[in-house]
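Colleague: Pasting the sequence and the predicted coordinates here, then a few questions.
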Amino acid sequence: MKWYKQNFVNRRDWVLDNLENLELTHIESLVVLLIDFCNVNRIPINLEYLAAKCHVKTTDIDKVISMLCAKNYLEIKAINKNIVFDLSKLFEIEANEQTNTNYTSIFDLFENEFGRPLVSDELNKISEWFKKYDTNLIIYALRQASMYQKLNFAYIQKILENKNNERQ
């Protein structure tokens, strides 16, 4: 049994303890905590419920859900005619971070997102980014570009620069 499925584990405490590593916005954090609370207490989850709890519009919750899915923290499944909000991948982030630090997996990640093999200039650009930026920041920038359907290296570069400037 996975560590986060043990009865003695408080997943919400884990989320709060690891907020700095998860790179969640305040509303994303709140939605993650609410989803976990609902899952544990078997409360049906829908956009209206989450919007009411967070005091935001349903469209805003829809965007947050999309972001969580894009970050690969949330998976929405249909099981036995019920919609299930599965946060398992969020709790597996430590294992994912170890595989993400492998250069070849990063290149594979880019190729998967772009849907094509990378050319040598693109491979060189990513290698340059490794010298300047943290691996997680590079992955974050790729996911942001993918989410906004702006998969080009100039856009990813801007995200990296802006995020790096925010951190300084």
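Modeller: Looks like it came in fine.
Colleague: wait, L33 sits on R12?
Modeller: Yes: using C-beta atoms under 8 Å, L33 is in contact with R12, at 5.4 Å. Just so you know, the C-beta spots here come from the backbone N, C-alpha and C atoms, and that holds for glycine as well.
Colleague: Looking at these two, which is more packed in?
Modeller: Between L33 and R12, counting by other C-beta atoms under 10 Å, L33 is the more crowded of the two (17 against 14).
Colleague: Contacts only, for the more buried one.
Modeller: L33 sits next to R12, V15, L16 when contact means C-beta atoms under 8 Å, 6 or more residues apart in numbering.
Colleague: ok, and for stretch 161-168, which residues are buried?
Modeller: Neighbour-count burial for stretch 161-168 flags K163 (criterion: 16 or more other C-beta atoms under 10 Å).
Colleague: what's next to it, contact-wise?
Modeller: Contacts of stretch 161-168 from elsewhere in the structure, counted by C-beta under 8 Å, 6+ apart, are K132, Y133, L137, Y140, A141.
Colleague: Which single one of the contacts of L33 is nearest to W3?
Modeller: Among these, V15 lies closest to W3 (C-beta to C-beta), at 13.9 Å.
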